[in-house]
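In: show me how the following folds:
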Amino acid sequence: MDLFFRKYGEGPPLIIIHGLYGSSDNWVGIGRKLAKNFEVFLIDQRNHGRSPHSSDHTYQLLREDLRKFMDKQSIQKAIIIGHSMGGKTAMFFAANYPERVSHLLIADISPRSYKSTNAIQLLAHSKIIRAMYNLDFYGISSRQEIDDILAKSIPENRIRQFLLKNIKRSKNNEYSWSLNIKAIRNELANIMDGLDENQPEITGFPVLFIKGGNSDYILDKDKKAIQQIFPYADIETIPNAGHWLHAEQPELFLQKVEDFILQ
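Out: Alright, predicted model coming up:
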């Protein structure tokens, strides 16, 4: 899997991994600011952005995609930042290749599975994916039409605008999804998966979890699981931010990232 990526700056390597429905494009602003101190790599995970599509989408595969990317770029060890699904990829990678991580920062996701212990997230994503998958692009002539159709199932404008970043238009002015919505629909259970409850402790590098103050992805009960797997992890909160905390509070998010890495 030859992942698409963007690269900025010079210095110690830092890799940012986006979440579900996201892409490297969502992180350009933060990536460019971090580039004053680091060589920043923004990757598109499989089935997202401009990376290749595959019918399979598991964290074991995403983990290996990251390893192969690092090998190809001759990155032996990196600072790794992962948001949501990207955070899970980062955790699975850290569990298997701890020697290749210098710092681990996880944004608004816990190690647990969301398919069995928290149906709220599973139901929310199922609704979003169903609306995206069932959208018929035939005869559509504008992004506004797409937004109007999605609004019938997804009333939150912020979420729709985020999803619309995945719309592409061909030379024939035909619209389609750039991400592989069919694979994402079929593999949603795997995307909601988590680390094994009996996962051995992961140590050897600093770890920071950042949660959005208004998000329900990291609850008080999750802190025990985080500390069990990452016994020396710190957990911090960004106020007035939901799940997409890096987009809602970019300056606060950037500050926490720099404080964590540069301390």
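In: tell me which residues are up against stretch 88-100.
Out: 17, 45, 59-60, 62-63, 66-67, 70, 75-78, 80-82, 101, 104, 106, 109, 111, 193-195, 199, 202-205, 229 (CB atoms under 8 Å, 6 or more residues apart in numbering). Glycine gets a C-beta too; all of them are placed from N, C-alpha and C.
In: ugh, typo on my part, it should be stretch 133-145
Out: Residues lying outside stretch 133-145 but in contact with it, judged by CB under 8 Å, 6+ apart, are Ile146, Ile149, Leu150, Leu164, Ile167, Asn173, Glu174, Tyr175, Ser176, Ile181, Lys182, Arg185.
In: any idea which of those residues is least confident?
Out: Comparing pLDDT over the contacts of stretch 133-145 singles out Asn173 as the least confident position, at 85.
In: am I right that that residue is in a helix?
Out: No. Assessed by DSSP: H, G, I helix; E, B strand; the rest coil, Asn173 does not belong to a helix; its assignment is coil.
In: from Lys68, how far out is it?
Out: Distance, Asn173 to Lys68, by CB to CB, to the nearest Å: 36 Å.
In: same check, this time on Met91
Out: For Met91, the distance to Lys68 (CB to CB) stands at 18 Å.
In: what about the two, which has more around it?
Out: The residue with the greater number of neighbours, taking Met91 and Lys68 and applying other CB atoms under 10 Å, is Met91; the counts read 28 against 13.
In: what comes up buried for the helix or strand encompassing the more buried one?
Out: Secondary-structure element containing Met91, defined by DSSP states H and E: helix 85-96. Within helix 85-96, the residues that qualify as buried are Met85, Gly86, Gly87, Lys88, Thr89, Ala90, Met91, Phe92, Phe93, Ala94, Ala95, counting by 16 or more other CB atoms under 10 Å.
In: also stretch 246-253?
Out: In terms of neighbour count (16+ other CB under 10 Å), stretch 246-253 has its buried residues at His246, Ala247, Glu248, Gln249, Leu252, Phe253.
In: before we move on, what about stretch 134-144?
Out: Taking 16+ other CB under 10 Å as the basis for neighbour counts, the residues of stretch 134-144 that come out buried are Leu135, Ile140.
In: just the C-alphas of that stretch, formatted as CSV.
Out: Once side chains and other backbone atoms are set aside, the C-alpha atoms of stretch 134-144 remain, and they are given as CSV (Å, rounded to 0.1, in the frame of the first residue of the first chain):
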residue,chain,number,x,y,z
ASN,A,134,-27.0,5.7,-0.3
LEU,A,135,-26.3,9.1,-1.9
ASP,A,136,-27.0,8.9,-5.7
PHE,A,137,-24.8,11.3,-7.6
TYR,A,138,-26.7,10.9,-10.8
GLY,A,139,-27.9,14.2,-12.1
ILE,A,140,-26.3,16.2,-9.3
SER,A,141,-24.8,19.5,-10.5
SER,A,142,-23.6,21.2,-7.4
ARG,A,143,-22.1,20.6,-3.9
GLN,A,144,-25.1,22.5,-2.5
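In: follow-up on the earlier one: can you lay out the buried residues of helix 85-96 as JSON lines showing pLDDT?
Out: Written out in JSON lines, the entries for the buried residues of helix 85-96 read as follows (pLDDT from 0 to 100):
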{"residue": "Met85", "pLDDT": "98"}
{"residue": "Gly86", "pLDDT": "98"}
{"residue": "Gly87", "pLDDT": "98"}
{"residue": "Lys88", "pLDDT": "98"}
{"residue": "Thr89", "pLDDT": "98"}
{"residue": "Ala90", "pLDDT": "98"}
{"residue": "Met91", "pLDDT": "98"}
{"residue": "Phe92", "pLDDT": "98"}
{"residue": "Phe93", "pLDDT": "98"}
{"residue": "Ala94", "pLDDT": "98"}
{"residue": "Ala95", "pLDDT": "97"}
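In: nearest to Ile129 among the residues you listed?
Out: Nearest to Ile129 among these, counting by CB to CB, is Met85 at 12.7 Å.
In: ok, now how distant is the closest one from Pro200?
Out: Between Met85 and Pro200 the computed distance is 23 Å (CB to CB).
In: could you do Ile30 as well?
Out: Taking CB to CB as the measure, Ile30 and Pro200 are separated by 32 Å.
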